[in-house]
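*Asks:* Predicted model follows, preceded by the sequence.
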Amino acid sequence: MASVTAFAAIDVGSYELELTIYEISPKRGIVQLERLRKVIGLGRDTYERGIISYERVDEMCRLLHRFQLVMAEYQVENYRAYGTSAIREAENREVVLDQIRVRTGIEIDVLSNSEQRFLCYKAIAAKENEFNNIIQKGTAIVEVGSGSTQISLFDKDALVTTQNLKLGALRIHQILARIGGMAEDRKRLAQELIDNEITAFKKLFLKERNVKNIIATGVCAMYLGRGAHADKQRISAEEFMEFYEDLRNMGEDQIAEKYDIPSEFVSLVVPGAMVYKRLIDATEAEMVWLPGVRLGDGIVAEFAEQKKLIHFAHDFSKDILVAARNIAKRYMSDRDHSAVLEKNVLNIFDGMKKYHGLGKRERLLLQISAILHDCGNYISMKTPGECAYNIILSTEIIGMSHKERVIIANVVKYNTMEFDYTTGDVSLNKSMRITIAKLTAILKIGNAMDRSQKQKFKDVRISVKDQQMFITTSSPESILLEEAMFSHRADFFEEVYGIRPVLKKKKGA
Amino acid sequence: MGEERDFRKVEYFENRELSWLQFNHRVLSEARDKNNLLFERLKFLSITASNLDEFVMVRVASLKDMVHADYKGRDIAGMTAGEQLEAIGRGMHELVDVQYSTWNRSLLPLLKKEGIEVISHHEQLDEKQAAFVDDYFETNVYPVVTPMAVDSSRPFPLVRNKSLNIAALLKKKKGGDKKDGDKKEGEKKDGEKKGALEFATVQVPAVLPRIVELPGGKDGTRSVILLEEIIERNMDRLFLNYEIVCAHPYRIMRNADLPIDEEEAEDLLKEIERQLKRRQWGEVIRLEVEEGIDKRLLKILKKEFAIKDDVIFFINGPLDLTFLMKLYGEEGFDHLKQKPWKPQIVPEFAGEDDIFANIRRGNIFLHHPYESFDPVVDFVKQAAADPQVLAIKQTLYRVSGHSPIVAALARAAENGKQVTVLVELKARFDEENNIIWAKRLEQAGCHVIYGLLGLKTHCKICLVVRREEDGIRRYVHMATGNYNDSTAKLYTDTGIMTCDRAVGEDASAVFNMLSGYSEPLSWNKLSMAPLWLKNRFVALIRREVKCVSQGYEGRIIAKMNSLCDPVIIEELYKASAAGVKIDLIVRGICSLKTKIPGVSDNITVRSIVGTFLEHSRIFYFGNGGSYEIYMGSADWMPRNLDRRVELLFPVEVEENKEQALHILETELADNVRSHILMPDGTYEKPDKRGKALVDSQAVFSEEAIRAAEELKKKKEQLTSGRTFIPRERPEDV
């Protein structure tokens, strides 16, 4: 029995709470046992009043308690609970989460938008057998949500960018409802609204990319799928257009009845369909895939991956790196310099393994920091640190949590600035500050090793001995400039680690 | 071609109440059928009486409510509530006439011939019998009756719904009998009204047996008399100092429908408890009196119960024929009764005791009462004791008095399992019973859901969640009949036991919805009413039409209790018109009409009325050659499809499909128990000339016995043989 792990994923969404119980086993992979959904309109509170009301918290606690009974029923020991935008954007978020923790014992973590998308994407990859084939052909994952639309683009087999457009089905519906007037006028207006956003997206991100497949996720897609073609996981663009024409000419009641859509969702369907329609037009996609995944599927996939219960064919950290390199490219980083820097910092990181106590994830953060370290130059050569900081904080990197992004932004910032232990950034907690200091120290050293940006340091060896870290290079070129820059940065490194980095030229070189 | 035909015309539909009366006539015809054994005929007659009682209490009552509410709507046959009541009234009177002519002209004489004398009037008693009766009254009856006289100081008493009573007119004895001194005062008071008639009523006590056997007569004849006759004979002992002018039995029926305003009711449970008390106070909607009742007495009853002539039934014989069921239960007379049926062992459960292992071997089809209900009870019992079982979830609609299933569920909760039970409190007439054991389950630690607001939960499903070597496995039992081990011996029902993953997932979703969660994102195999089931049926019917248009045969066979949903009937008409061949086996109400040219030429309807109550719902769709069979809890009635939680499940395993199809085919071939619906709305038995007799219920009984015997033989071979038989692999996991 030990080979089977029961797991519960709790999705505290903006519109409904969802509990999914899974079983993970090497033999059958991830199997869904049970899924419970209940509508609790957290989003209505957050979006309208900025905070989540006590009544809603109470309602949530009672439901979570019932979830716990179901978890007990399946003797679930492992669970993860995630909150999304309604919690994320609530001003009283911390108090709400604490209330829930005290009353139910359930710890809810807040997902950043990009983490949330990344989990969804993991769910698709875990569920869809043909996933790796589909994305070879130029693919976009599109989730039309109630508040926004998320578009993630693939290049070959890796995710390159993800963008959040303010085009939510509910948002469109509300704007139109406020306007009133003739139905035809409203539809035209909605079209314009959508086209504005999509045109901008096309210009900036889509460019010449050839999107053949659209993978549609989210509630909207699910009900659209039901209407466009029941029981099918994919529909052709023509089939979708036919369905769209049909939809356009019906009232909400008719739609609800004909396509078996619950009345609480039907008002989202038409605006949702409109967004998909315009996207298909803009991309000239040929096929729409409807994998029907939920956030819970991603939560369990991540858990199973982390606990090494299952193995994915797809390499997800590669996606994150590709996405980061794409951002660097957009801000015209020096690719050769970055590549050497990446190599150097990772070398140091690995060599210092015994002393820094950091893990794989921090290694990835360091790597991304290296990739993005000079993106600030794009805006200002005078204050590249601060500019990079701002760029990173306002750019979504798929798979990164908000906290992780803050760490990367700070590491990059202090790479070119004096480290400030009393930094005013209020979002930093103690452990984040320490991580930032440790990674910054390494990045500073790594950067110093290529001060001339001529990639002199090749075949670098790192060894630590007697409170000293020896960086040995076999470079035949002079490293005078590097050595000159080095000592100041080495001071900081020593401050952080209590180890003095020393540059050494291999004898005979 | 091409033109839209209107299949919704009122003349294409039969009113459901009138169709129901037809059904009761079919049951009555079994009481009249000379081929049936005498006591079986008594039983059928008794059933028609209890059927009619329920019909009046529920259906007539709700029509009355509509008339009071001035509701002007028309039913699918185009009738208003008032028109229906009028037609039903006529029909009921006709039915009652046939009931009593059957009793008086056929059954009573036959009983006498068999040496059983039912003394209908106490005047017929001989001296010895009379003495016995008087003594019986003194010792047994007198202590429990409450005579109630009515005068200006004592208001008309509450007469209980469905109770049997005796009304009498009394007259002060001339000069009075002075032996009772206490009476003096009253005498004086009534002195000036001397000679006036007074009204009195006595309830025939329900705690005493209705039938009283008299001491053995000559030549072994057994004589019985009815309790009300004993009381009537001794009325004067209840009203001393009075002369009994006349005394006649009567019985009333009140409006018993439960219109619960759920919006207002804080607590459903409390509301029903309150309703139960109130029910006895409902409007009187039927009065049965003995034929030849004194006119003055009748006038008083009419006035007090505020009724019109059309709801008065003059009965030529004993009131409330349900006592015949008691007579059936009397010791002896075995040669006049059909041998009691003993449900046979289910072959799939013969080899091994572990129910779960048996189910893992493959889906199991159950056909009650031919096959035993024990596996279903054992399913819950075993789950309750099994340490690997994590949870049991079950719906309960009507259960038996000392239900072993309820006991097992309570035990399971005590054993620390998560037990969820949906108890339907609104199951008609069973509320009181249901509340008691629902509370018991709750005390044991079960999570009890007391039904859903606005919906009756009628589906029959039991889910067992079990932790096994390779993970969680769910076992599901779904059926057409209730979890009631008593009725499972009398009702024909079918069910499936399975551990199919997709069904298990759906079963969990069903209970989640019943617990108030949102609908699942999608269903695998089950269809649920009221949200999806009707559309599913419509789609299945339309698929047959499509088959025809593509050159395949279109074929539907459907078996159910009642058919009166206008949407479904319209679809059936369209299918028939398109050339789909449709055979329906509908035991009770059928609002569909057959052989309407261009509308229902291709539809036949038959009703099977037999020893067992036909109760299973099985649906066959030809699907262009790869046929599909479904079973479920729902009839094709608006109340099932729109106002109840019902389930439809597919029969998937080839062997099970054949079993289900065999049931349908045998019933279509039945020419003994079946009645065919004629174009004029009446039912006729099929022409048997030159045909082998097929009694479907007898066929299924014989088959079950044969299967059990074969098993026994196999077992004997096993134990007596001189060779060893290697076991096959026990299960395929």
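*Replies:* Done, it's in.

*Asks:* what helices or strands is whichever strand or helix holds A:A370 leaning on?
*Replies:* Using DSSP states H and E, A:A370 sits in helix A:360-372. Judged by 3 or more Cβ pairs under 8 Å, 6 or more residues apart in numbering or on different chains; DSSP states H and E, helix A:360-372 is in contact with helix A:316-330, helix A:335-351, helix A:384-393, helix A:402-415, helix A:430-448. Heads up, the C-betas are built off the backbone N, CA and C, glycines and all.

*Asks:* which parts of that helix are buried?
*Replies:* For helix A:360-372, the neighbour count (16 or more other Cβ atoms under 10 Å in any protein chain shown) marks A:362-372 as buried.

*Asks:* residues in contact with that helix?
*Replies:* Here helix A:360-372 makes contact (Cβ atoms under 8 Å, 6 or more residues apart in numbering or on different chains) with A:317, A:320-321, A:324-325, A:327-328, A:333, A:338, A:341-342, A:345-346, A:349-350, A:388, A:391-392, A:397, A:400, A:404, A:407-408, A:411-412, A:415, A:435, A:438-439, A:442-443, A:446.

*Asks:* Recalculate using a threshold of 7 Å.
*Replies:* A:317, A:320-321, A:324-325, A:327-328, A:338, A:341-342, A:345-346, A:349, A:388, A:392, A:404, A:407-408, A:411-412, A:435, A:439, A:442-443, A:446 (Cβ atoms under 7 Å, 6 or more residues apart in numbering or on different chains).

*Asks:* Mind checking the pLDDT average for it?
*Replies:* Averaging pLDDT along helix A:360-372 gives 92.

*Asks:* rewinding a little: which entries within the contacts of helix A:360-372 meet the buried criterion?
*Replies:* Listed as buried from the contacts of helix A:360-372 are A:320-321, A:324-325, A:327-328, A:338, A:341-342, A:345-346, A:349, A:388, A:392, A:404, A:407-408, A:411-412, A:435, A:439, A:442-443, A:446; burial here means 16+ other Cβ under 10 Å.

*Asks:* now the helix holding A:A370 against helix A:316-330, angle please.
*Replies:* On the basis of axes from the mean of the first three to the mean of the last three Cα atoms, to 10 degrees, helix A:360-372 is oriented at 20 degrees to helix A:316-330.

*Asks:* I'd like to check the angle between helix A:360-372 and helix A:430-448, please.
*Replies:* For helix A:360-372 against helix A:430-448, the angle by the same axes, to 10 degrees is 50 degrees.

*Asks:* Name the nearest residue to A:L443, sequence neighbours excluded.
*Replies:* A:N415 (5.0 Å; Cβ to Cβ, 6 or more residues apart in numbering or on different chains).

*Asks:* can you check A:R103 too?
*Replies:* Distances taken as Cβ to Cβ, 6+ apart put A:C61 closest to A:R103, at 4.6 Å, once the chain neighbours are dropped.

*Asks:* need the contact list for residue 42.
*Replies:* Went with chain A since none was named. Counting by Cβ under 7 Å, 6+ apart, A:L42 touches A:14, A:52, A:56, A:86-87.

*Asks:* actually it's chain B I care about, not the one you picked
*Replies:* B:107, B:324, B:327-328.

*Asks:* Once you drop chain neighbours, what's closest to the residue nearest the centre of chain A?
*Replies:* Nearest to the geometric centre of chain A sits A:S114, at 2.5 Å (Cα atoms, centre = their mean). In this structure, A:S114 finds its nearest non-sequential neighbour in A:E396, 4.4 Å apart by Cβ to Cβ, 6+ apart.

*Asks:* Spell out the secondary structure type for that neighbour.
*Replies:* Three-state call for A:E396 (DSSP: H, G, I helix; E, B strand; the rest coil): coil.

*Asks:* The spatially closest residue to A:H356 that is not a sequence neighbour: what's it in contact with?
*Replies:* Closest residue to A:H356 apart from its sequence neighbours, by Cβ to Cβ, 6+ apart: A:K438 at 5.4 Å. A:K438 makes contact with A:356, A:358, A:496, according to Cβ under 7 Å, 6+ apart.

*Asks:* count of residues packed around whichever residue of the stretch 401-509 of chain A sits closest to chain B?
*Replies:* Nearest residue of the stretch 401-509 of chain A to chain B, counting by Cβ to the nearest Cβ: A:S401, 27.2 Å away. A:S401 is flanked by 18 other residues according to other Cβ atoms under 10 Å in any protein chain shown.

*Asks:* That one contacts A:E115, doesn't it?
*Replies:* Yes - between A:S401 and A:E115 there is a contact under Cβ atoms under 7 Å: 4.9 Å.

*Asks:* Write out the residues of the stretch 51-200 of chain A neighbouring chain B.
*Replies:* For the stretch 51-200 of chain A, the residues in contact with chain B (Cβ under 7 Å from any Cβ of the partner chain) are A:73-75.

*Asks:* Going through those, which ones are buried?
*Replies:* Counted by 16+ other Cβ under 10 Å, those give A:73-74 as buried.

*Asks:* now A:V496, nearest residue through space, not along the chain?
*Replies:* Going by Cβ to Cβ, 6+ apart, A:V496 has A:A441 as its nearest residue, at 4.3 Å.

*Asks:* Report how many residues lie close to that neighbour.
*Replies:* That count, for A:A441 with other Cβ under 10 Å as the rule, works out to 26.

*Asks:* Now tell me which helix or strand of chain B has the poorest mean pLDDT.
*Replies:* Every helix and strand of chain B was ranked by mean pLDDT, DSSP states H and E. The lowest is helix B:184-190, at a mean of 43.

*Asks:* Next secondary structure element downstream of that helix?
*Replies:* strand B:197-203.

*Asks:* before we move on, what SS does the nearest residue to B:R154 once chain neighbours are set aside have?
*Replies:* Once flanking residues are discounted, B:R154 sits nearest to B:M148: 7.4 Å by Cβ to Cβ, 6+ apart. Assigned with three-state DSSP, B:M148 falls in the strand class.

*Asks:* about what we covered before: the residue nearest to A:L443 - how many residues pack around it?
*Replies:* A:N415 - counted by other Cβ under 10 Å - has 25 other residues nearby.

*Asks:* if I read this right, it contacts A:A441, doesn't it?
*Replies:* No - checked against Cβ under 7 Å, the pair A:N415 and A:A441 is beyond contact range at 10.1 Å.

*Asks:* Near residue 161, how many other residues are there?
*Replies:* Here I'm looking at chain A. By the criterion of other Cβ under 10 Å, A:T161 has 23 neighbours.

*Asks:* The intended chain is chain B.
*Replies:* 19.

*Asks:* Dig out what the closest residue to it other than its chain neighbours forms beta bridges with.
*Replies:* Nearest residue to B:N161 in three dimensions, chain neighbours excluded: B:R254, at 4.3 Å (Cβ to Cβ, 6+ apart). Note on B:R254: beta-bridge partners by DSSP bridges are B:V284.

*Asks:* contacting residues for B:R254?
*Replies:* B:R254 is in contact with B:161, B:280, B:282-285, counting by Cβ under 7 Å, 6+ apart.

*Asks:* So which bits of the stretch 401-550 of chain B are right by chain A?
*Replies:* Counting by Cβ under 7 Å from any Cβ, the stretch 401-550 of chain B sits next to chain A at B:418, B:465, B:469-472, B:508, B:512, B:517-521.

*Asks:* How about the stretch 51-200 of chain B: which residue is closest to chain A?
*Replies:* For the stretch 51-200 of chain B, Cβ to the nearest Cβ, closest residue to chain A: B:I76, 21.2 Å.

*Asks:* which residues in the stretch 51-200 of chain A form strands?
*Replies:* A:78-83, A:108-110, A:139-144, A:149-155, A:158-165 (DSSP state E, counting those that start in this stretch).
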